[in-house]
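> here is a sequence together with a model predicted from it:
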Amino acid sequence: MLDFLSNGLRESWLLLVAAAPYFLVGCMLAGGLKAWVPTAALVRWVGGRRFRSVFNASLIGLPLPLCSCSVLPMAALLRKQGASRGATTSFLISTPESGVDSIALSWGLLGPFLAIVRPVAALATALTAGVMENVWGARTDDSAMAAMAQGCCGDQEGGFAAAGPRPSRWRVGLRFAVIDLFEDIGLSLMVGVAVGGMLAVALARFELESVLSAWYTPLAVLVVAIPMYICASAATPLAAALMAAGLSPGAALVLLLAGPATNTASILVLAKALGVRSVVIYLLAVIVCSLLAGFGLNLFCRAIGWEFDLAAVIQTQQAGVFSTLAAVVVLLLSLHGIWRQILTRLYRVTV
């Protein structure tokens, strides 16, 4: 048991060391988005019912560092200020499925190939859902969307800059990058890294490659991913560990798409705010597009002979003083974010 724990912690640390430099870069980019992206501009880009608004909402959502929980108030604000139902639906899918932090983390743990495939698949899923919503969705006004404006994370503007001059943008962006963001996802990230390391050790003891790489694995992963809550960043080390044990790239992609975009809590909120028909369209788009992307990626990887090697990916990061220092920084910032979250929730203290 002690050997298992020590080996699991070692693998978790290696995952963190490999990913930390990229993740910190993603956090800095997220801070820049926080400080310099005005909400008024977002509303202007996603207004109207045309395909362009759906495309803009899907594209804008890709780099934003919001989880499936904190994206709800931002989507409510966009809808309240004129965004179409299709654009709102697209935003609700592309935003939690991607983000500059999770893309950077994917580059560090999954390699450049999957780091590119992931946001492309998220964009396709969001576009499909938005178009379906505009064509088949309800035509009624959504006054219930106002109830979503009080989210579980962030402020009513989803943590983005208001239009017009704002003092100390650098301070606002830096605070978001090193404090607010880690308060939001620090616990999930640490759990994801720890579980990923433990999974890597546990699965290495069993001959499961034939099961994990079976043709039906993407479908099995989808069934598990839809009701669970996992943010895009936390899903990345889990996908890396499972792929190292033999999980097919397509099944891992399904986890990375469906896991962050759907969970029981957000589905219930969406059903109340948008209606059952819109939720059916939302889920149908996520399910169909995730499976098509997963099975398609497996076929493509087999055709070109591409295989994932986590050890090789980690070795290419050339772990040294900088990577180790970055891992220590990420660990400390995550612990600080968890502590702030505990104080806020248990004692209602704003730090």
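Good, I have the coordinates. Numbers count the residues shown, from 1 in each chain.
> distance between stretch 77-90 and the chain's centre?
20 Å (C-alpha atoms, centre = their mean, to the nearest Å).
> what does stretch 218-230 give?
Taking mean C-alpha positions (C-alpha atoms, centre = their mean), stretch 218-230 and its chain are 14 Å apart.
> try stretch 25-33
In this view, stretch 25-33 has its centroid 15 Å away from the chain centroid, taken as C-alpha atoms, centre = their mean.
> tally of neighbours for the spatially closest residue to T125 that is not a sequence neighbour?
Closest residue in space to T125, ignoring its immediate chain neighbours: C289 at 3.9 Å, by C-beta to C-beta, 6 or more residues apart in numbering. Where you see a C-beta, it was placed from the backbone N, CA and C, and this is true even at glycine. When neighbours are defined as other C-beta atoms under 10 Å, C289 has 23 of them.
> what's the distance between C289 and L257?
Distance, C289 to L257, using C-beta to C-beta, to the nearest Å: 7 Å.
> give me the common contacts of the two.
Counting by C-beta atoms under 8 Å, 6 or more residues apart in numbering, the residues touching both C289 and L257 are A121, T125.
> three-state assignment of L346?
helix (DSSP: H, G, I helix; E, B strand; the rest coil).
> need the per-residue pLDDT for it.
We have a pLDDT of 77 for L346.
> for E157, same thing?
Value for E157, per-residue pLDDT: 46.
> hmm, S334 is touching D184, no?
No. With contact defined as C-beta atoms under 8 Å, S334 does not count as touching D184 (10.8 Å).
> the two: which is more packed in?
Counted by other C-beta under 10 Å, S334 and D184 do not tie: D184 has more neighbours, with 24 against 21.
> just the element for that one, please.
Following DSSP states H and E, one finds D184 within helix 181-204.
> on contacts alone, who are the packing partners of that helix?
helix 2-36, helix 232-244, helix 321-347 (3 or more C-beta pairs under 8 Å, 6 or more residues apart in numbering; DSSP states H and E).
> buried residues, the last one. List them.
Read that as helix 321-347. 323, 326-327, 329-331, 333-334, 336-338, 340-341 (16 or more other C-beta atoms under 10 Å).
> and the spatially closest residue to A232 that is not a sequence neighbour, how many neighbours does it have?
Leaving aside its sequence neighbours, A232 sits nearest to S102 (C-beta to C-beta, 6+ apart; 3.6 Å). S102: 31 surrounding residues under other C-beta under 10 Å.
> do you know how far S102 is from L189?
From S102 to L189 the distance is 10 Å (C-beta to C-beta).
> overlap of the contact sets of the two?
Contact criterion C-beta under 8 Å, 6+ apart; residues shared by S102 and L189: C231, S233.
> who's in contact with the residue most central in space within the chain?
By C-alpha atoms, centre = their mean, the mean C-alpha position of the chain lies nearest to A232, the distance being 2.3 Å. A232 sits next to C67, P96, E97, S98, G99, D101, S102, L256, P260 when contact means C-beta under 8 Å, 6+ apart.
> and which of the residues you listed is nearest to Y347?
C67 (23.3 Å; C-beta to C-beta).
> and the pLDDT at the residue nearest to that closest one when sequence neighbours are not counted?
Spatial nearest neighbour of C67, excluding adjacent residues (C-beta to C-beta, 6+ apart): C231 at 4.3 Å. C231 carries a pLDDT score of 84 in this model.
> right, and C231 touches S188 too?
Yes. Counting by C-beta under 8 Å, C231 does reach S188; the two are 4.8 Å apart.
> what's the overlap in contacts for those two?
Jointly contacting C231 and S188 under the rule C-beta under 8 Å, 6+ apart are C67.
> neighbour count: the two, which is higher?
C231 (26 against 19).
> quick one, what contacts the more buried one?
Under the criterion of C-beta under 8 Å, 6+ apart, the neighbours of C231 are C67, S68, P96, S102, I185, S188, L189, P260.
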